[in-house]
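**Student:** Pasting the sequence and the predicted model now:
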Amino acid sequence: MGFPEDFIWGVASSSYQIEGAWNSDGKGLSVWDMMCRKQGAVWNGHTGNIACDHYHKYKEDIALMKKIGVKAYRLSLSWPRIIPDGIGTVNDKGLDFYNKLIDELLNAGIEPFITLFHWDYPFELYCLGGWLNNDSPDWFAEYTKVVVDKLSDRVKNWITINEPQSFIIEGHINGTHAPGVKLPFNQITHISHNVLLSHGKAVKIIRENSKQKAKIGFAPTGEVAIPATNKKSDIDACKKFMFEINDKSIKQNSWWLDPIYLGKYPESGLKTFEYEKPRIKDGDFDIISQPIDYCAINYYFAPVIKADNNGEPVIVPFEIGHTKTTFGWYITPEMAYWGSKLLYERYKSPILITENGMANIDMISLDGKVHDPQRIDFTHRYLKEVKKAIEDKIKIAGYFHWSIMDNFEWAQGFKQRFGLIYVDFNTQQRTLKDSAYWYKKVIEKNGENI
Ligand code: FCB
């Protein structure tokens with residue numbers, strides 16, 4: 001056994017990280033346009049003004065995806081490009097960009113997976129209170145309707161929201177991502193509830209308006225963990241670590257996935273957030289918990305957990321020299337097995353790995369090529385764990401490598417290179433890295449070489 005015949009081999013990106021064209025053809029401002037203008041917010045003052053200039057080079061980029069042989073491409077849309085003020089008048093030129101992009105993908109035989117929100121939030125809506133505003137779920141529904149009306153004749157796969165924990169924690173607690181504010185915790189739980197309602201309303205809009213049967217997912221961060229051993233006590237401690245909420249944080253995935261799949265917040269979270277829990281109105285969970293098709297998840301790194309004498313989870317520190325990427329993130333392939341297994345056991349929904357990849361020191365060598373053996377090894381290791389999970393009867397629908405190309409890595413600017421394709425940000429020249437050729441073989445063999 002190995003990867004199923006219909007396994008989705010994909011690559012991923014997001015609008016602000018690759019498109020550029022920040023003020024072209026009527027696009028409105030995004031909170032990331034605003035963040036990049038804040039002194040000291042982004043490494044070396046980099047901005048996404050041009051990024052990979054994908055807005056102008058999308059045909060070339062899709063031709064490269066075709067060359068790699070990817071079956072699917074996970075892209076996100078820039079909400080302010082489509083509706084400059086976030087609500088109200090639609091910018092036809094902006095929407096048409098995605099229209100052409102989708103046609104180009106389908107002509108190349110590549111299945112589009114659209115993420116509706118990957119942090120590219122309209123600045124005008126932020127000025128109205130952003131996610132704190134109780135109308136924000138309706139704003140998101142309105143935007144979703146515009147997109148679904150236009151694209152659902154050709155697009156069947158949707159991810160509503162990418163990594164809510166990241167844009168809420170980095171953007172609204174730490175202030176290191178857009179919009180760069182630091183809010184008290186009761187406002188954070190309020191935001192999380194509005195984000196969940198936004199997800200639910202978007203699911204409803206897609207189901208009611210899609211021109212074909214749609215498949216929908218929600219992609220939180222890979223807040224998973226790896227048990228130190230296969231002993232039941234360590235596995236139980238690992239589950240506790242993943243699903244019980246004992247500190248004031250909206251990081252854990254149970255805060256997000258329990259409402260969606262189980263129709264309620266985890267008791268431990270409600271107890272821990274006692275005076276700071278969100279106001280839940282009648283019917284909210286009916287909106288939030290509509291059935292979805294994929295438990296999407298992004299895998300980068302995870303802690304190792306063991307049980308103490310009372311069965312409580314404790315983090316096992318990594319040994320000295322445990323390998324890290326250039327981002328400083330530990331390499332922890334086993335998360336792809338354990339994360340998928342424990343999420344699948346709890347939510348019983350097919351896993352879709354919507355991101356996985358590493359930042360590396362990549363450069364064009366004297367021979368004109370980009371040799372990135374570390375990325376090949378990294379991906380191979382994570383995919384081995386994916387395969388192991390599949391062989392253990394855990395349903396995993398697909399894998400999207402982050403990223404198709406080097407891009408604007410948020411607060412890190414262009415410091416971190418995550419691509420299968422190297423981008424020279426001065427000339428905009430693209431070069432396929434060795435990992436791209438390796439991934440091509442993996443796809444051709446449907447993972448038999450993993
Ligand atoms: C994830 C984000 C993605 C990218 C990778 C490296 O958290 O979803 O946009 O920045 O990390």
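**Tutor:** Happy to help now that I have it.

**Student:** Kindly report the residues of the stretch 251-400 of the chain close to the ligand.
**Tutor:** Within the stretch 251-400 of the chain, the positions lying close to the ligand (CB under 6 Å from any ligand atom) are Asn298, Glu355. In short, each C-beta sits where N, CA and C put it, glycine included.

**Student:** per-residue pLDDT, the residue lying farthest from the centre of the chain?
**Tutor:** Taking CA atoms, centre = their mean, the residue of the chain most remote from its mean C-alpha position is Asn309, at 36.4 Å. pLDDT for Asn309: 98.

**Student:** Stretch 156-169 near the ligand at all?
**Tutor:** Yes. Using CB under 6 Å from any ligand atom, we find that stretch 156-169 touches the ligand at Asn162, Glu163, Ser166.

**Student:** Now, the residues you listed that are in strands?
**Tutor:** Using DSSP state E, Asn162 are the members of the residues of stretch 156-169 next to the ligand that sit in strands.

**Student:** Check what pLDDT the residue minimising distance to the centre of the chain gets.
**Tutor:** What sits nearest the mean C-alpha location of the chain, by CA atoms, centre = their mean, is Asn162, with 4.2 Å. Listed pLDDT for Asn162 reads 99.

**Student:** what are the bridge partners for it, then?
**Tutor:** Beta-bridge pairing of Asn162 under DSSP bridges involves Ala219.

**Student:** and the residue farthest from the centre of the chain, that's in a strand?
**Tutor:** No. Assessed with DSSP: H, G, I helix; E, B strand; the rest coil, Asn309 is coil; it does not lie in a strand.

**Student:** those strands in this structure, which residues are they?
**Tutor:** For the chain, the strands defined by DSSP E occupy 8-12, 72-76, 111-117, 157-162, 215-219, 226-227, 294-299, 304-307, 313-316, 351-356, 396-402, 421-424, 429-432.

**Student:** now what about the first one, what contacts it?
**Tutor:** Strand 8-12 has contacts (CB atoms under 8 Å, 6 or more residues apart in numbering) with 65, 68-75, 111, 113, 352, 354-355, 397-404, 420, 439, 442-443, 446-447.

**Student:** For the stretch 101-250 of the chain, what lies in contact range of the ligand?
**Tutor:** Going by CB under 6 Å from any ligand atom, the residues of the stretch 101-250 of the chain near the ligand are Asn162, Glu163, Ser166.

**Student:** Low-confidence bits of this protein, can you list those?
**Tutor:** The model of the chain has no residue with pLDDT under 70.

**Student:** number of nearby residues for the residue lying closest to Cys238 once chain neighbours are set aside?
**Tutor:** Distances taken as CB to CB, 6 or more residues apart in numbering place Pro227 nearest to Cys238, at 4.1 Å, with adjacent residues excluded. The number of residues packed around Pro227, counting by other CB atoms under 10 Å, is 24.

**Student:** Buried only: go through the contacts of strand 8-12 for me.
**Tutor:** 65, 68-75, 111, 113, 352, 354-355, 397-404, 420, 439, 442-443, 446-447 (16 or more other CB atoms under 10 Å).

**Student:** Enumerate every residue touching Tyr347.
**Tutor:** Contacts of Tyr347 by CB under 8 Å, 6+ apart are Leu257, Tyr261, Leu262, Cys295.

**Student:** Go again with 10 Å.
**Tutor:** Tyr347 sits next to Asn253, Ser254, Leu257, Asp258, Ile260, Tyr261, Leu262, Ile292, Cys295 when contact means CB atoms under 10 Å, 6 or more residues apart in numbering.

**Student:** Make JSON lines out of those and add neighbour count.
**Tutor:** Shown next, in JSON lines, are these (neighbours: other CB atoms under 10 Å):
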{"residue": "Asn253", "neighbour count": "25"}
{"residue": "Ser254", "neighbour count": "22"}
{"residue": "Leu257", "neighbour count": "21"}
{"residue": "Asp258", "neighbour count": "22"}
{"residue": "Ile260", "neighbour count": "25"}
{"residue": "Tyr261", "neighbour count": "20"}
{"residue": "Leu262", "neighbour count": "14"}
{"residue": "Ile292", "neighbour count": "24"}
{"residue": "Cys295", "neighbour count": "26"}
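
**Student:** and the two most separated of these?
**Tutor:** Spatial extent of the contacts of Tyr347 (CB to CB) is set by the pair Ser254 and Ile292 at 16.1 Å.

**Student:** Now flag whichever of the contacts of Tyr347 is closest to the ligand.
**Tutor:** Nearest to the ligand, judged by CB to the nearest ligand atom, of those is Asn253 at 13.8 Å.

**Student:** Tell me who's in contact with that closest one.
**Tutor:** Per CB under 10 Å, 6+ apart, neighbours of Asn253: 164-165, 220-224, 242-243, 260, 266, 295, 297, 339, 342-343, 346-347.

**Student:** change it to 6 Å
**Tutor:** Asn253 is in contact with Pro220, Glu223, counting by CB atoms under 6 Å, 6 or more residues apart in numbering.

**Student:** do Ala336 as well
**Tutor:** Residues in contact with Ala336, defined by CB under 6 Å, 6+ apart, are Tyr299, Tyr382, Glu385, Val386.

**Student:** circling back: return the distance of the residue farthest from the centre of the chain relative to Thr229.
**Tutor:** 15 Å (CB to CB, to the nearest Å).

**Student:** same check, this time on Gly217
**Tutor:** Look at Gly217 and Thr229: by CB to CB, they are 32 Å apart.

**Student:** so how many other residues sit close to the closest residue to Asp247 other than its chain neighbours?
**Tutor:** Distances taken as CB to CB, 6+ apart place Thr272 nearest to Asp247, at 6.7 Å, with adjacent residues excluded. Applying other CB under 10 Å, we find 16 other residues in the vicinity of Thr272.

**Student:** now Asp424
**Tutor:** Counted by other CB under 10 Å, the residues lying close to Asp424 total 11.

**Student:** same question, Pro303
**Tutor:** A total of 19 residues lie near Pro303 under the criterion other CB under 10 Å.

**Student:** Does it touch Ile315 like I think?
**Tutor:** Yes. Between Pro303 and Ile315 there is a contact under CB atoms under 6 Å: 4.9 Å.

**Student:** Check which residues of stretch 99-115 are buried.
**Tutor:** Buried residues in stretch 99-115, counted by 16+ other CB under 10 Å: Leu101, Ile102, Glu104, Leu105, Ala108, Ile110, Glu111, Pro112, Phe113, Ile114, Thr115.

**Student:** Now do the same contact list for Leu95.
**Tutor:** By CB under 6 Å, 6+ apart, the neighbours of Leu95 are Ile82, Lys150.

**Student:** Report the closest residue of the stretch 101-250 of the chain relative to the ligand.
**Tutor:** Minimum separation of the stretch 101-250 of the chain from the ligand (CB to the nearest ligand atom) falls at Glu163, amounting to 4.7 Å.

**Student:** That residue contacts Thr221, doesn't it?
**Tutor:** Yes. The criterion here is CB under 6 Å, and Glu163 meets it with Thr221 at 4.7 Å.

**Student:** Neighbour count for the two, which is higher?
**Tutor:** Neighbour count, other CB under 10 Å: between Glu163 and Thr221, Glu163 has more, with 24 against 20.
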